[in-house]
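Novice: need the 3D shape of this:
(3 chains)
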Amino acid sequence: MYMIINEEISIKTRGNCHVIDITDHVTERLSRSKLSNGCVVLFHVGSTAGLTTVEYEHGLANHDLAAAFEKIAPQNGTYQHEQTWHDDNGHAHVRATLVGPSLIVPFRDGQLTLGTWQQIILIDFDTRTRTRNIICQITGE
Amino acid sequence: MYMIINEEISIKTRGNCHVIDITDHVTERLSRSKLSNGCVVLFHVGSTAGLTTVEYEHGLANHDLAAAFEKIAPQNGTYQHEQTWHDDNGHAHVRATLVGPSLIVPFRDGQLTLGTWQQIILIDFDTRTRTRNIICQITGE
Amino acid sequence: MYMIINEEISIKTRGNCHVIDITDHVTERLSRSKLSNGCVVLFHVGSTAGLTTVEYEHGLANHDLAAAFEKIAPQNGTYQHEQTWHDDNGHAHVRATLVGPSLIVPFRDGQLTLGTWQQIILIDFDTRTRTRNIICQITGE
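Specialist: Residues are numbered from 1 along each chain as shown, chains lettered A, B, ... in the order given. The predicted model follows:
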């Protein structure tokens, strides 16, 4: 029988390009759903973090991704957004828009179809600690 | 009962990194569908615009995003694409490929799960005015 | 009647920003499914390639996209990932994370809603030949 199950994942983040592996959170909710075949829609609620996948290891998660984003939208750059709100996170918005808020991962036999070296991550680009909310909508049979 | 409802959103754009907030268009179609639980798949038909989310305010929408894309794929750069067609929008194709054409947004109780400061946007990278077509497929119960 | 059909697409790639048009593979599986209305979820299994769309022509596919990725994450840059594994593909991971592994394309009347000049592509950023696996989950009625 076809079902839609809505879950949420709530995580504390440090900001400043903090890369958090949320694979176990997604797997746990999928397991609880008892569904075997379908897809998980993940959606980050907010405009200064994004969802994607990576091989989650120290070098990529704590250095290399940050270096690439620093090229595209440097933290100390000039952003008109900051003149609107008198804040300091213009780069965070630009980066999050590029990564995007949504990710969809199929599952079969109750298992996500991720590669062995592929983890689901949230990248928090904001400039302060936050509690982030990710919608985890599991659809299938 | 599970349903798939196909809608379209048609909008006039100016090109040159024109950022258009299409949230109200999506919300209106979701409301009309009478569905309460599921997801909206958005897909831009074409290869010189992309879909994502942003905090839609003047600085980001009219300046900061354009500045970042200008770094990645400058408007006055050299593109072999332009030699193929003798046109001027190589940068538009590269940018659209990076942003991507698809976005998926869950809804619950008939409401999109967007953040308060998070709007759905089309970014049109082409170099002229266009009428853009976005598929809005609403699936749920 | 609502169905979920799981297919896979397996392709040989050369790496080094090899752009492969997989539209025909997706169309063939959609046709075989006999479904007329729904969406195709595509997911690349692995962390050094990504899925998106482009106008698939020589200039973009073989030159312009590579030039943009070379700016964001140069092949000869320094990556801590390479110190973790003593390999040479740090740039490939960073690029794949930016493009993302998932893409969703609606279909109506048995036809993908792609534009005339819009093809579905895998970009393989790794530094060697690979056989790539793409999950192709077709959901609809």
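Novice: now do the SS call for residue A:61.
Specialist: Judged by DSSP: H, G, I helix; E, B strand; the rest coil, the three-state class of residue A:61 is helix.
Novice: for chain B, see how far away it is.
Specialist: Going from residue A:61 to chain B by Cβ to the nearest Cβ, to the nearest Å gives 21 Å. Glycine gets a C-beta too; all of them are placed from N, C-alpha and C.
Novice: so where is chain A shaky, pLDDT-wise?
Specialist: For chain A, no stretch has pLDDT under 70.
Novice: which single residue in it comes nearest to chain B?
Specialist: Nearest residue of chain A to chain B (Cβ to the nearest Cβ) works out as residue A:80 at 3.2 Å.
Novice: list, one by one, the residues from chain A near chain C.
Specialist: Chain A comes close to chain C at residues A:2, A:37-39, A:52-55, A:57-60, A:62-65, A:67-68, A:71-72, A:98-100, A:103-106, A:108, A:113-115, A:117-118, A:121, A:140-141, as judged by Cβ under 8 Å from any Cβ of the partner chain.
Novice: from these, keep the buried residues only.
Specialist: Buried subset of the residues of chain A next to chain C (neighbour count, 16 or more other Cβ atoms under 10 Å in any protein chain shown): A:2, A:37-39, A:52-55, A:57, A:59-60, A:63-65, A:67-68, A:72, A:98-100, A:103-106, A:108, A:113-115, A:118, A:121, A:140.
Novice: tell me where chain A has strands.
Specialist: Listed in chain order, the strands of chain A (DSSP state E) span A:3-13, A:18-21, A:38-44, A:49-54, A:102-108, A:111-112, A:119-124, A:130-140.
Novice: run me through the strand neighbours of the shortest one, direction for each.
Specialist: Strand A:111-112 has its sheet partners listed here by DSSP bridges as strand A:102-108 (antiparallel).
Novice: can I get the CA coordinates of stretch A:60-80 in CSV?
Specialist: These are the backbone C-alpha positions of stretch A:60-80, laid out as CSV (Å, rounded to 0.1, in the frame of the first residue of the first chain):
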residue,chain,number,x,y,z
LEU,A,60,36.5,17.3,2.4
ALA,A,61,34.2,18.0,5.3
ASN,A,62,36.4,20.4,7.2
HIS,A,63,38.5,22.0,4.6
ASP,A,64,38.1,21.4,0.9
LEU,A,65,34.4,22.3,0.6
ALA,A,66,34.9,25.5,2.6
ALA,A,67,37.8,26.5,0.3
ALA,A,68,35.6,26.2,-2.8
PHE,A,69,32.7,28.2,-1.3
GLU,A,70,35.2,30.8,-0.2
LYS,A,71,36.1,31.3,-3.9
ILE,A,72,32.5,31.5,-5.1
ALA,A,73,31.2,33.8,-2.3
PRO,A,74,33.9,34.9,0.1
GLN,A,75,32.9,35.5,3.7
ASN,A,76,34.6,38.9,3.7
GLY,A,77,33.1,40.0,0.4
THR,A,78,30.7,42.9,0.0
TYR,A,79,27.0,42.0,-0.1
GLN,A,80,24.1,44.3,-0.6
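Novice: kindly reformat the strands of chain A as TSV containing distance to residue A:28.
Specialist: Compiled in TSV, those are given as follows (distance: least, Cβ to Cβ, whole Å):
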stretch	distance to residue A:28
strand A:3-13	9
strand A:18-21	13
strand A:38-44	12
strand A:49-54	17
strand A:102-108	13
strand A:111-112	11
strand A:119-124	12
strand A:130-140	10
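Novice: the ones you listed: which one's closest to residue B:134?
Specialist: Proximity of the strands of chain A to residue B:134 was assessed by Cβ to Cβ; the nearest stretch is strand A:102-108, lying at 14.9 Å.
Novice: need the residues of chain A near chain B, please.
Specialist: Listed as neighbours of chain B in chain A under the rule Cβ under 8 Å from any Cβ: A:2, A:4, A:6, A:41, A:43, A:45-47, A:71-73, A:77, A:79-85, A:90, A:93-94, A:96-98, A:100-102, A:104, A:135, A:137, A:139.
Novice: smallest gap between chain A and chain C, at which residue?
Specialist: Per Cβ to the nearest Cβ, residue A:59 is where chain A lies closest to chain C, at 3.2 Å.
Novice: from memory that residue sits against residue C:90, does it?
Specialist: Yes - the criterion here is Cβ atoms under 8 Å, and residue A:59 meets it with residue C:90 at 7.3 Å.
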